[in-house]
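here is my input; please provide its structure:
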Amino acid sequence: AQALTTVGNLLQGLRRYDEALASYARALAIRPEHAEALIKVGNALVDLKRFDEALASYARAFRSSPDYPHLLGNWVHTKMKVCDWTGLDAAFEQLAADIAAGKPVASPFAILGTPLPASLQRQCAGMLIEAKFPAITNPGGRAFTATHDRIRVGYFSADLYSHATAYLMAGLFETHDRSRFELTAFSFGPPVSDPMRARLDAAFDRFIDVREKTDADIALLARTLEIDIAVDLKGFTQDGRPGIFARRAAPLQVSYLGYPGTMSADYIDYLIADPTLI
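The predicted model follows:
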């Protein structure tokens, strides 16, 4: 069952959801209450926007493993997607108590839309950073010693095509003062060819497709290109890759736009935001 669940996880990572669900089904035929398989079925169904079925799978997982990491947060977030408010107040209280106690009951993104205070959102983010994306103290590559005639800014995103982030930012990229700034795009999203991608290609000095590179390789590439400022446009959203920044892609690292909350990571030096967002 565990092997079949792992195969399902790999297929889900490739967005081959139907094949992933088939593999999970085979796992659950062997172990009907296998919590990981049930939760990953729910996650795949959420990606397919089959929210009611996802809730049913999460409910089965609760029966066998109510404390499974991120299960409560996934369940709450999915209930909110379908405007099912039953039991949410109690669930918010449980989330708050569990996070305060240091339990990994939710992803940071899942609780952005809840009434949990900023302090608990920060604690939730910090637990994920510590568990999965701790700072790498010796990432390799050249030291940050170079100075340049133009400040080298690297924008890192999976959404550099006809996506909300690109629509919001295309004009910003195009209006950088090119006498003072050199722009590099690090794209780890799908290989899309559309008018927005063409527009962004023209907006950057350098547009690099890094989707098949590891976090370590991307960070090393940024260091080799002597990027001065690395801007993370993903944070804890889908397809985000905090591991790049855990390896210090640039002397200055900034979180902007894609994720409207704290990364709670010492290696993210700034969050660009405003009083309403905060």
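
tell me the mean pLDDT over the helix or strand where Asn43 lies?
Element membership for Asn43, per DSSP states H and E: helix 35-47. Here helix 35-47 scores 97 as its mean pLDDT.

what's the spacing between stretch 206-222 and its chain's center?
Relative to its chain's centre, stretch 206-222 lies at 16 Å (CA atoms, centre = their mean, to the nearest Å).

what about it, start to end distance?
In stretch 206-222, first residue to last residue: 12 Å (CA to CA, to the nearest Å).

buried set for that stretch?
Of all the residues in stretch 206-222, those buried under the rule 16 or more other CB atoms under 10 Å are 207-208, 210, 213, 215-216, 218-222. Placement of C-beta: from N, CA and C, glycine included.

average pLDDT across it?
Mean predicted confidence for stretch 206-222 is 96.

which residues touch Ile111?
Neighbouring residues of Ile111 by CB atoms under 8 Å, 6 or more residues apart in numbering: 73, 76-77, 95, 99, 120-121, 124.

can you do 7 Å?
Ile111 makes contact with 73, 95, 121, 124, according to CB atoms under 7 Å, 6 or more residues apart in numbering.

out of those residues, which two sit at the greatest distance?
Greatest spatial distance among those (CB to CB): Gly73 and Gln121, at 11.5 Å.

which of those two has more neighbours?
Gly73 (23 against 19; other CB atoms under 10 Å).

quick check: that one touching Pro108?
No: Gly73 is beyond contact range of Pro108, at 8.9 Å (criterion: CB atoms under 7 Å).

now do Thr147 against Asp228, distance only.
Between Thr147 and Asp228 the distance is 9 Å, computed by CB to CB, to the nearest Å.

having no further points to raise, I will conclude here.
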